[in-house]
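Asks: sharing a model that was predicted from the sequence below.
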Amino acid sequence: MFLIAKKKGLKGIGGWLSFFIFLFAFLGLINLILGILDIIGTYIFLKDSGVSLSLIHTLSFLGIIFYLLVTSFIIYVIFSFNLLKQNAVQLGTKYFSLIFYLNIIYHIGTKSPLPLHQTNIEYDVSLLLLILFAYIPLLIWSIYIYYSKRIEHTFPKKYRTTELIDTMLYWGIIIISILISFLLFHIRNTYSITF
């Protein structure tokens, strides 16, 4: 089986794996551009809304750290694949799971109904749709890595690893996004601002 796959060129970077690496790079660039615009826009919006400058500066600082970490993580994922590192597959999975979790955390911080015990059908439906659309790339990636001969031959399961830096970057991004979400929620609750 391995010889047949090797003859067909199903090892290394190519095919759908190239598409996913391109997708990582493209989404990373879009994320960085939108992140910069988001920080600038939020700063201006909150400054004009009478929110305290210390709170705005804290939020902006966390936003900058967050987008730098996300961009670093994406670059790290791309280089891991290109260098055929054994942690690349797990990093790809962490990347898509990160998209999933970050979308949910952001949505809860900026769109959840106030007060919290109040139900809102529109919010519930939008959260459900967000979860579905954020889950689709993770599901596609998971199916791809499970069935792909190229992935299996390039990154055999028995050699796949997760490094400490992978976990630290991943959880650092999650923790900062939760802090940002709490700050946004606090600003919405205290200053009656809608994002």
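Replies: Yes, it's here.

Asks: every contact and neighbour count from this point should use C-alpha atoms.
Replies: Fine.

Asks: I'd like the distance between the nearest residue to Y191 once chain neighbours are set aside and Y170.
Replies: Nearest residue to Y191 in three dimensions, chain neighbours excluded: V51, at 7.1 Å (Cα to Cα, 6 or more residues apart in numbering). Applying Cα to Cα, to the nearest Å, the value for V51 to Y170 is 30 Å.

Asks: with I108 instead?
Replies: Separation of I108 from Y170 (Cα to Cα) stands at 20 Å.

Asks: name the SS class of the residue nearest to Y191, please.
Replies: The local conformation at V51, judged by DSSP: H, G, I helix; E, B strand; the rest coil, is coil.

Asks: between V51 and Y170, which one's more packed in?
Replies: Y170 (19 against 16; other Cα atoms under 10 Å).

Asks: can you pull the buried residues of stretch 128-139?
Replies: By 16 or more other Cα atoms under 10 Å, the buried positions in stretch 128-139 come out as 130-131, 134-135, 137-138.

Asks: stretch 152-162 now?
Replies: Quick answer for stretch 152-162 (16+ other Cα under 10 Å): 152, 154-155.

Asks: and those, which of them are in helices?
Replies: Of the positions in these, 152, 154 sit in helices, assigned by DSSP state H.

Asks: so T110 makes contact with H186?
Replies: No - proximity of T110 to H186 does not meet the contact threshold set by Cα atoms under 8 Å, at 9.9 Å.

Asks: tell me which element the spatially most central residue of the chain falls in.
Replies: Using Cα atoms, centre = their mean, the residue of the chain that lies closest to the mean C-alpha position is I99, 3.0 Å off. In this structure, I99 is located in helix 88-111 according to DSSP states H and E.

Asks: could you pull out the helices in this structure for me?
Replies: 2-7, 15-48, 53-82, 88-111, 121-147, 149-154, 164-191.

Asks: in the second one, which residues are buried?
Replies: So the one you mean is helix 15-48. By 16+ other Cα under 10 Å, the buried positions in helix 15-48 come out as 17, 20-21, 24-25, 28, 31-32, 35, 39, 42-43, 46.

Asks: can you state the direction angle for it and helix 164-191?
Replies: Between helix 15-48 and helix 164-191, the angle comes out at 30 degrees (axes from the mean of the first three to the mean of the last three Cα atoms, to 10 degrees).

Asks: how far off centre is helix 15-48?
Replies: Averaging C-alpha positions (Cα atoms, centre = their mean, to the nearest Å) puts helix 15-48 10 Å from its chain's average.

Asks: helices or strands next to that helix in the packing?
Replies: Applying 3 or more Cα pairs under 8 Å, 6 or more residues apart in numbering; DSSP states H and E, one finds that helix 15-48 contacts helix 53-82.

Asks: so, low pLDDT: which residues of the chain?
Replies: Along the chain, the model assigns pLDDT under 70 to residues 1-9, 111-123, 195.
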